[in-house]
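Trainee: prediction below, plus the sequence it came from.
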Amino acid sequence: MSEMLPVIMAFVAALISIVATWLAVQERDMLIATLFSALQSTCYALIYYLLMAPDIVLVYLPVSVGILPLITIILIKKTERYEE
Amino acid sequence: MIDMVLASAGLTLIAIGVFCDFVAAIGLIRLPNFFTRLHAATVGAIGGAVVPMLGAALLAIGYEPLGETRFILAGVAFTTSIVTMILSQAGSHALARAAYRARAAPLQPITYDALAEKRGDSSE
Amino acid sequence: MTPYDIILTVLTTLLALYLISFALYIVRVLKGPTIPDRVLALDSLGYDLAAFMLILSIYLNSPMMAVCALSLALWIYALDIYVAKYLEAKEVGG
């Protein structure tokens, strides 16, 4: 049980990230889609952490939680928010 | 001896943090609108994140099998708790201000809105 | 049974309880009616995940992995400020 706990947590996080990606693809409101993408990034950060790769977490977090929503929100502000 | 005392204090703080986190999650589901859910989010940030981080720092100092690098973990945990204590409140306050001014969230179960009088709004 | 085994058993129980509250936060992120609700739930999820990572680095016996928690706590704050600036820019008109 003690060795299986990280594997189970990584499995659950992977399932949640699949749901978040599907909702982000389907969503018509781009701001909510950005938030779903941030949820997926958080799940991936937990998976990388459980796979014992802290260097990848340190690179992945600023790119996917910091810079990607910033650029997406600036783009939404310059263009339009709702699809079609 | 002092190690066991530190580890017991750390485990107690982590248990308090888990309880606060559970209460905050239930509150975030059950409370009626955004401005009341802010309270649950504050319980989740202070009780559910800052207190377990301090507990992790104490537990890391008292937990021998980690080796000499456990003091690094204790320092990182203490720093993260201080940073979280400042940043979570600043972030939720900025979000609440933006949501009130942009009317992005409904105010509906409301008894008294003092800020509307002060700003001179006509809306409820 | 040494005291360290007792500590590990208690930590396993506490980590499992943390996962239940994460599931409740994610429910609010997925179905929250307005945008500030979703951002608030994601924010709380991020801070609690930072605390979870610190406890997990004790549980997995690798103290050098704890640095990720500081990075997560700092960058989740940025997401809050982005959405707040977006919502306020619409009102002010900038």
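Mentor: Now that the structure is in, tell me what you want to look at.
Trainee: if you count neighbours, what's buried in the lowest-mean-pLDDT helix or strand in chain C?
Mentor: The helix or strand of chain C with the poorest confidence is helix C:67-92; it has a mean of 85 (mean pLDDT, DSSP states H and E). Going by neighbour count (16 or more other CB atoms under 10 Å in any protein chain shown), the buried part of helix C:67-92 is C:67-88, C:90. C-beta here means a position set from N, CA and C on the backbone, and glycine is covered the same way.
Trainee: with stretch C:18-36 instead?
Mentor: Residues C:18, C:21-22, C:24-26, C:28-29, C:32, C:35-36 are the ones in stretch C:18-36 that count as buried (16+ other CB under 10 Å).
Trainee: now swap in stretch B:94-108 and tell me
Mentor: Quick answer for stretch B:94-108 (16+ other CB under 10 Å): B:94-96, B:98-102, B:104-105.
Trainee: elements contacting the least confident helix or strand of chain C?
Mentor: Counting contacts by 3 or more CB pairs under 8 Å, 6 or more residues apart in numbering or on different chains; DSSP states H and E, helix C:67-92 is packed against helix A:30-50, helix A:54-61, helix A:68-78, helix B:70-102, helix C:35-59.
Trainee: can you give me the angle that helix makes with helix B:70-102?
Mentor: Computed by axes from the mean of the first three to the mean of the last three CA atoms, to 10 degrees, the angle separating helix C:67-92 from helix B:70-102 equals 10 degrees.
Trainee: okay, the angle between helix C:67-92 and helix A:68-78?
Mentor: Per the same axes, to 10 degrees, the angle that helix C:67-92 makes with helix A:68-78 is 10 degrees.
Trainee: roughly how far out does helix C:67-92 sit from the chain middle?
Mentor: How far helix C:67-92 lies from its chain's middle: 14 Å, per CA atoms, centre = their mean, to the nearest Å.
Trainee: and what of stretch B:63-74?
Mentor: Chain-centre distance of stretch B:63-74: 26 Å, with CA atoms, centre = their mean.
Trainee: restricting to C-alpha, output it in PDB.
Mentor: What follows is stretch B:63-74 as a C-alpha-only set of coordinates in PDB (Å, rounded to 0.1, in the frame of the first residue of the first chain):
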ATOM      1  CA  TYR B  63      12.100  13.200  11.500                       C
ATOM      2  CA  GLU B  64      15.600  11.700  11.500                       C
ATOM      3  CA  PRO B  65      15.600   9.300   8.500                       C
ATOM      4  CA  LEU B  66      15.600  12.300   6.000                       C
ATOM      5  CA  GLY B  67      19.300  12.900   6.700                       C
ATOM      6  CA  GLU B  68      21.000  16.300   6.900                       C
ATOM      7  CA  THR B  69      19.000  17.800   4.100                       C
ATOM      8  CA  ARG B  70      15.900  17.900   6.200                       C
ATOM      9  CA  PHE B  71      16.800  21.400   7.400                       C
ATOM     10  CA  ILE B  72      16.500  22.600   3.700                       C
ATOM     11  CA  LEU B  73      13.000  21.200   3.700                       C
ATOM     12  CA  ALA B  74      12.200  23.000   7.000                       C
END
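Trainee: what stretches of chain C score poorly on pLDDT?
Mentor: Along chain C, the parts satisfying pLDDT under 70 run over C:90-94.
Trainee: would you mind listing what in it touches chain A?
Mentor: Residues of chain C lying near chain A by CB under 8 Å from any CB of the partner chain: C:8, C:12, C:15-16, C:19, C:26, C:29-30, C:35, C:38-39, C:42, C:45-46, C:49, C:53, C:56, C:60, C:62, C:64-65, C:67-68, C:71-72, C:75-76, C:78-79, C:82-83, C:86, C:89.
Trainee: spit out the contact partners of the closest residue to residue A:77 other than its chain neighbours.
Mentor: Excluding the flanking residues, the one nearest residue A:77 by CB to CB, 6 or more residues apart in numbering or on different chains is residue C:86, at 6.2 Å. Contact analysis of residue C:86 by CB atoms under 8 Å, 6 or more residues apart in numbering or on different chains lists A:31, A:73, A:76-77.
Trainee: try residue A:24
Mentor: A:33-34, A:36-37, A:40.
Trainee: and for residue C:57?
Mentor: Residues near residue C:57 by CB under 8 Å, 6+ apart: B:73, C:63, C:65-66, C:69.
Trainee: now do residue B:69
Mentor: Residue B:69 makes contact with C:63-64 under the criterion CB under 8 Å, 6+ apart.
Trainee: and the gap between it and chain A?
Mentor: As judged by CB to the nearest CB, to the nearest Å, residue B:69 and chain A stand 13 Å apart.
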